[in-house]
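> Provide a 3D model corresponding to the input given below.
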Amino acid sequence: MRRRSTLWVGVGAMLGLDPARAVGLDAPNVVEIGPRLVTAGQPTRQTLAGLGGLGFQAVIYLAPSTVPDAVPEEEALLRRQGIEFVHLPVPFAAPTAAHAAAVSAALRRLQDQKVLVHCQVNMRASTMVFLHRVRALQADPAEAYEAVARVWSPSGPWRALVLEELKQQGIDFVPL
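Reported below is the predicted structural model:
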């Protein structure tokens with residue numbers, strides 16, 4: 001299977017093409033961070049059933065399983081394909097530094113695998129992956145934040161979490 005680059009996704013978006021189709025996912029707000037890391041909102045049941053064919057080896061799910069659009073059999077669909085399922089539910093109204101640390105630990109452990117990090121609409125996922133990238137991978141914050149800005153501008157407890165985590169790490173960056 002031929003992988004499409006982030007450049008292709010960006011050019012495709014400028015031409016009005018759906019970036020989700022570029023990486024083969026039917027899910028809202030798909031953002032390809034790199035060849036082994038993608039964030040998204042809730043994939044469809046069909047998409048989850050075909051992730052193995054797209055080369056995914058692990059899925060980190062950040063929404064509680066009680067959200068209305070959750071796929072109840074997600075874990076079973078993934079395990080049948082040999083895909084590791086990691087469920088780290090983050091309450092949307094109360095994300096914490098402990099949640100960010102757990103996501104980062106999972107991403108470090110899975111760093112050599114192709115991973116999909118998803119939630120409902122990619123707000124939790126994009127923000128937690130941003131924090132991992134700037135803290136653990138020492139990515140340029142402005143560049144890493146572009147993936148978040150494609151989805152939303154964190155506010156309320158999410159903005160507070162981002163600002164506190166950046167401050168704790170001595171990272172001088174204030175997202176808009």
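> Find me whatever residue is spatially closest to the most centrally placed residue in the chain, sequence neighbours aside.
The centroid of the chain falls nearest to Thr39 when counting by CA atoms, centre = their mean (2.8 Å). Counting by CB to CB, 6 or more residues apart in numbering, the nearest residue to Thr39 once its immediate chain neighbours are dropped is Ala125, at 4.2 Å. For glycine as for every other residue, the C-beta is placed from the backbone atoms N, C-alpha and C.
> Past the one helix or strand the one you found maps to, which element shows up next along the chain?
Ala125 belongs to helix 123-135 when assigned by DSSP states H and E. Beyond helix 123-135 on the C-terminal side, the first helix or strand identified by DSSP H and E is helix 141-149.
> list the buried ones in that following helix?
By neighbour count on 16 or more other CB atoms under 10 Å, the buried set for helix 141-149 is 141, 144-145, 147-148.
> which secondary structure elements does it contact?
Judged by 3 or more CB pairs under 8 Å, 6 or more residues apart in numbering; DSSP states H and E, helix 141-149 is in contact with helix 123-135.
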